[in-house]
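Novice: Give me a model of this one.
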Amino acid sequence: MRLDDYLNRLGIQRNLEPAADTLRRLHVAHRETFLFENLSIQCGGGISLALADLERKFLDRGRGGYCFEHNTLFRTALGEIGFNAATLLGRVRRGPPERWCRTHMVLRVPIGGEPWLADVGFGATGTLEPLPLRDGAHSTQGGFTYALRREDHLWVLSMSDATAATQDLYEFSDEPQTPWDIEVANHFTSTHPESIFRRTLTIQRSRRAERLVLRSDVLERYRDGRVTSETIDRSEWPRLARELFDLTLPPGPYVCDESVLRT
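Specialist: Numbering: from 1, shown residues only. Model (predicted):
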């Protein structure tokens, strides 16, 4: 891995030990450096999880991606530093439960005999820092409070905002996944016609002071655990992408435009 280039992008020195503070620093820096976005899918391309492709996309082109890309790159960097992270798959708790499926990737990172949950790929409302992987663990980060609980054989991550409204984000089990498990989930998520990543354009940025979410015709801003939203026109996408995310949008058409025409 091009670890020096990765750490330079994060603004972190190379002399690192596989300790909890190192994991936290890397986690926060990765979240604040790279965008969560699905432009490759929306432009009709595929999602490669090959390391060289991820490095070109994230390090050379100044882009980002979604969970499989972010957490694959992060897991590789952790391995170079001396962590032994395991790959897990989770189900986002959105929509009717019978349609939940394993389309989210997270990491379990053991440190000194204690496992930690690391996830740099959930999008703007995800955790900025890792959490101890234990029942009842909680952490307030950037205006949101995250909590882990055990439900039978599953872990569930929830989030509470400044109004005390709580929602479950996703569930996952302790079963480690193979690289091909991840490839299968990545393929489904990036190609199935009903995937949210094909039906919606999204660009998101996560920082402690503010989290920004552009999702088709809505722009959301999260500050201190509170959200404001405004409806935007499709014609504003290029300007917003440039001004808010320092990203140049290709001219299109986009896959989500085709999805709208089919419905």
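Novice: for this structure, what are the low-confidence residue spans?
Specialist: Within the chain, the stretches with pLDDT under 70 are 259-263.
Novice: Just the helices from it, written as ranges.
Specialist: Remark: helices assigned in the chain by DSSP state H are 3-10, 20-33, 39-42, 51-55, 67-81, 179-191, 196-199, 237-245, 255-262.
Novice: Could I get those helices in TSV, plus columns for distance to Asp224 and mean neighbour count?
Specialist: Every C-beta, even on glycine, is put in place using the N, C-alpha and C of the backbone. Formatted as TSV, those follow (distance: least, C-beta to C-beta, whole Å; neighbours: other C-beta atoms under 10 Å):
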stretch	distance to Asp224	mean neighbour count
helix 3-10	25	16
helix 20-33	17	19
helix 39-42	29	22
helix 51-55	33	15
helix 67-81	25	22
helix 179-191	31	16
helix 196-199	27	20
helix 237-245	19	15
helix 255-262	31	14
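Novice: Tabulate those helices in a markdown table, adding columns for distance to Val120.
Specialist: Listed next are the helices of the chain as a markdown table, based on distance: least, C-beta to C-beta, whole Å:
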| stretch | distance to Val120 |
| --- | --- |
| helix 3-10 | 11 |
| helix 20-33 | 5 |
| helix 39-42 | 18 |
| helix 51-55 | 13 |
| helix 67-81 | 5 |
| helix 179-191 | 15 |
| helix 196-199 | 17 |
| helix 237-245 | 17 |
| helix 255-262 | 25 |
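Novice: Please go through the chain and pick out the longest strand.
Specialist: Criterion DSSP state E: the longest strand present in the chain is strand 102-111.
Novice: what's the angle from that one to helix 179-191?
Specialist: Angle of strand 102-111 versus helix 179-191, following axes from the mean of the first three to the mean of the last three C-alpha atoms, to 10 degrees, is 140 degrees.
Novice: Which residues in strand 102-111 does the neighbour count mark as buried?
Specialist: By neighbour count on 16 or more other C-beta atoms under 10 Å, the buried set for strand 102-111 is Arg102, Thr103, His104, Met105, Val106, Leu107, Arg108, Val109, Ile111.
Novice: ok, back up a step: and Ser216, which of the helices of the chain is closest to it?
Specialist: For the helices of the chain, the distance to Ser216 is smallest for helix 255-262, at 6.6 Å, taking C-beta to C-beta.
Novice: sorry, back to before: closest one to Glu210 among the helices of the chain?
Specialist: Among those, the nearest to Glu210 by C-beta to C-beta is helix 237-245 (10.0 Å).
Novice: then the closest one to CSV, C-alphas only?
Specialist: The C-alpha coordinates for helix 237-245 follow below in CSV (Å, rounded to 0.1, in the frame of the first residue of the first chain):
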residue,chain,number,x,y,z
TRP,A,237,-25.8,20.1,-8.6
PRO,A,238,-22.6,21.3,-10.4
ARG,A,239,-22.4,24.5,-8.4
LEU,A,240,-23.1,22.9,-5.0
ALA,A,241,-20.6,20.1,-5.7
ARG,A,242,-17.9,22.6,-6.6
GLU,A,243,-18.6,25.1,-3.8
LEU,A,244,-19.4,22.7,-0.9
PHE,A,245,-17.4,19.6,-1.8
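Novice: Determine the set of other helices and strands touching that helix.
Specialist: For helix 237-245, the packing partners by 3 or more C-beta pairs under 8 Å, 6 or more residues apart in numbering; DSSP states H and E come out as strand 202-206, strand 211-215.
Novice: can you give me how far it is from the chain middle?
Specialist: 20 Å (C-alpha atoms, centre = their mean, to the nearest Å).
Novice: okay if I get the helices and strands packed on helix 237-245 as CSV plus distance to Val28 and mean neighbour count?
Specialist: Listed next are the helices and strands packed on helix 237-245 as CSV, based on distance: least, C-beta to C-beta, whole Å; neighbours: other C-beta under 10 Å:
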stretch, distance to Val28, mean neighbour count
strand 202-206, 9, 24
strand 211-215, 13, 20
